[in-house]
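Student: Dropping the sequence and predicted coords here.
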Amino acid sequence: MIVKELIAKLGLDVDEAAFARADGLMTGLARSWLKAGAAVASAAAVGATAIVKSFTNAADAAGKLAQRTGLDAEFLQRLAYAADLADVSTDQLRAGLQQLASKGVGDVRAEMLKIAGEFEKLPQNGRRIDFLRDKFGRAGGAFATLFSKGRAELEATMSEAEVFSQEEIDRSEEFNDSITRLNR
C-alpha cells in the first residue's frame, strides 16, 4: 500500500492493525462498487430490452391495426397520434374506421380529412355529434375532439407524428411472432 510505505519512509509509527482495517474497508468498498456496477449494468440491459420490446410491440400493433382497417400503416399511425392527443382511444378509432369501411368508403384517408373539414363548418350544437355518429357509429362522439379544429389542424397534428416504416413493422411482427413461438 503506497500510503503505508510513505508513512514508513517519513519515520512515522505505522499502526498495522489500522492499516489492515483500512485495507479491508477499501477492498470491501471496491467489491461493493463492482456489485453496484454489475447491478446497474444488469438493470440497464433489462431497461434497454424493455424499450426495444415496447417499440417492437408498437410497430407490430400499428401493422395489425392497419390490416384490420384496410389503411396504409403510415397514415394510420399519424391518425392514431392525432387521436391520442385528442383523447380518442385506439379502440374508438378502430371502431370508427371500421364503421366507415363497412359503409363502403373506398378512400378512408380522404374521407377522414373531408369529415374534419365538414365538421368544423357545422354549428356548435348537437348536430355536430349526430353528424359524427352518422359517420362513425356509436364511437362517433369520441371523434369530436379530433375534428374540433378542422382539417388543417388535423393534418398539421398528423404531420408531427414519428412513424414506423413498413419494413420496421414487418420486422417487428416477425420478431414478436418468433418470441410467441419460443414461449409456446
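Tutor: Received the coordinates, thanks.
Student: how about the strands in the protein?
Tutor: For the chain, applying DSSP state E gives no strands.
Student: Give me the below-cutoff pLDDT ranges for it.
Tutor: 1-55, 57, 69 (pLDDT under 70).
Student: At which residues are the helices of it located?
Tutor: Applying DSSP state H to the chain gives helices spanning 2-9, 16-69, 73-85, 90-102, 108-121, 126-136, 144-147, 150-160, 166-183.
Student: what packs against the third one?
Tutor: Yep, that's helix 73-85 we're talking about. Counting contacts by 3 or more CB pairs under 8 Å, 6 or more residues apart in numbering; DSSP states H and E, helix 73-85 is packed against helix 16-69, helix 90-102, helix 150-160, helix 166-183. The C-beta positions use only the backbone N, C-alpha and C, and glycine is treated the same way.
Student: Now the third one: buried residues?
Tutor: So the one you mean is helix 150-160. 150-151, 154, 157-158 (16 or more other CB atoms under 10 Å).
Student: what packs against that helix?
Tutor: helix 73-85, helix 108-121.
Student: Go again with 10 Å.
Tutor: Applying 3 or more CB pairs under 10 Å, 6 or more residues apart in numbering; DSSP states H and E, one finds that helix 150-160 contacts helix 73-85, helix 108-121, helix 144-147.
Student: Equivalent analysis for the second one, please.
Tutor: Taking 3+ CB pairs under 10 Å, 6+ apart as contact, the helices and strands that helix 90-102 lies on are helix 16-69, helix 73-85, helix 108-121, helix 126-136, helix 144-147.
Student: still on that earlier bit, and the helices and strands packed on helix 150-160 as JSON lines, adding distance to Ala101 and mean neighbour count?
Tutor: Output for the helices and strands packed on helix 150-160, formatted as JSON lines (distance: least, CB to CB, whole Å; neighbours: other CB atoms under 10 Å):
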{"stretch": "helix 73-85", "distance to Ala101": "12", "mean neighbour count": "21"}
{"stretch": "helix 108-121", "distance to Ala101": "6", "mean neighbour count": "17"}
{"stretch": "helix 144-147", "distance to Ala101": "17", "mean neighbour count": "20"}
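Student: Out of those helices, which is closest to Leu97?
Tutor: Leu97 lies closest, by CB to CB, to one member of these: helix 108-121, at 6.2 Å.
Student: what's the angle from the closest one to helix 150-160?
Tutor: 130 degrees (axes from the mean of the first three to the mean of the last three CA atoms, to 10 degrees).
Student: ok, residues contacting helix 108-121?
Tutor: The contact list for helix 108-121 (CB atoms under 10 Å, 6 or more residues apart in numbering) reads 69-72, 75-76, 78-79, 82, 96-98, 100-101, 103, 105, 107, 128, 131-132, 135-136, 140, 143-144, 146-155, 158.
Student: If we use 6 Å, what do you get?
Tutor: The contact list for helix 108-121, computed with CB atoms under 6 Å, 6 or more residues apart in numbering, reads 71, 75, 100, 105, 135, 147, 150-151, 154.
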